[in-house]
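Engineer: Sharing a model that was predicted from the sequence below.
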Amino acid sequence: MKITDTKKIIIADDNEFFRDILEERINEEDGLEVIKSLGNGSLVYEEILKGHADLVILDIIMPVLDGIGVLEKVQNENLIKKPKFICFSGLDEMKLVKKAFSMGASYYLKKPFSLEVLIERIKALDYEENNILEKELEDIMGKLGISQKVNGYLYIKKAILMVIKNNGVMDSITKVIYPYIANEYNTTDKNVERSIRSCIKRAFKDEKENCWYRLSLDLSDKPTNAEFIQKIANKLINIAVHTRDFSHECDAKDICYFKIK
């Protein structure tokens, strides 16, 4: 794996001994690097705002600001890059688990857990979430009659995935989303906007075609770019929430963890 592909990780737990063990094990893996090991939620939140972390391994029970508090504050921040979260604690109350997931957690592990299980979850994280979302998104766009052969297809896809990762950017579609996509595809903001608009118009050209499917997405007959992107993002978020598996598995040592399929 290239150095540029290294996943930068923050460990957040008030038990320094546990943090040291976890840091040592994670750093043994190629492509994983612990950049900070912190003992209270307030410091974790401040570190996240710097925008360096790709993943936060977050204890729910911490001093100053607990794990749920960290998740809530990060969710409310308008950050271009938000890290993913793997949460853990000695508590396995379903309300707490669901709360963590609703605030953006990807996995919830119950202490004690195997370090090898954690490493597996870290490695699987990007593959599982990105592939599920992208396949669902491609299916939705296909049903709406948006062809993969046009540039606007890639622009819409990128915009929707950006909004899913950080809904706050939706308020700055012209100042953040269009410029970001234009830079990635070496084009202009205006071309991104026009191409997305053209795709949407084509999808809604025939009022009868895909009518019921459009209604299921709560889309108007002539949605703006922003409305279209937001509605599809909401649909995918709803799919993701309802496909989470809240059952738990146990290894041979009866160490249980929660996972997302």
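Structural biologist: Thanks, I have the structure now.

Engineer: Please enumerate the helices of the stretch 101-250 of the chain.
Structural biologist: Across the stretch 101-250 of the chain, reading from the start of the chain, the helices by DSSP state H, counting those that start in this stretch fall at 115-143, 151-165, 178-184, 189-203, 211-216, 225-242.

Engineer: could these be laid out in a markdown table, adding distance to residue 49?
Structural biologist: For every residue, glycine as well, the C-beta is placed using N, CA and C. Formatted as a markdown table, the entries for the helices of the stretch 101-250 of the chain read as follows, by distance: least, Cβ to Cβ, whole Å:
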| stretch | distance to residue 49 |
| --- | --- |
| helix 115-143 | 21 |
| helix 151-165 | 16 |
| helix 178-184 | 19 |
| helix 189-203 | 27 |
| helix 211-216 | 38 |
| helix 225-242 | 23 |
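
Engineer: Of those helices, flag the one that's most buried.
Structural biologist: The highest mean neighbour count among the helices of the stretch 101-250 of the chain, using mean count of other Cβ atoms under 10 Å, belongs to helix 151-165: a mean of 20.

Engineer: Report pLDDT for residue 50.
Structural biologist: In the prediction, the pLDDT value recorded for residue 50 is 92.

Engineer: and the helices of the stretch 101-250 of the chain, which one is worst for confidence?
Structural biologist: Among the helices of the stretch 101-250 of the chain, helix 211-216 carries the lowest mean pLDDT, a mean of 61.

Engineer: Figure out which of the helices of the stretch 101-250 of the chain is closest to residue 81.
Structural biologist: Minimum separation from residue 81 across the helices of the stretch 101-250 of the chain (Cβ to Cβ) falls at helix 151-165, 8.2 Å.

Engineer: three-state assignment of residue 35?
Structural biologist: Reducing the assignment to helix, strand or coil with DSSP: H, G, I helix; E, B strand; the rest coil, the entry for residue 35 is strand.

Engineer: neighbours of the residue nearest to it when sequence neighbours are not counted, just the number please.
Structural biologist: Closest residue to residue 35 in three dimensions, ignoring its sequence neighbours and counting by Cβ to Cβ, 6 or more residues apart in numbering: residue 8, at 4.8 Å. Look at residue 8: counted by other Cβ atoms under 10 Å, it has 14 neighbours.
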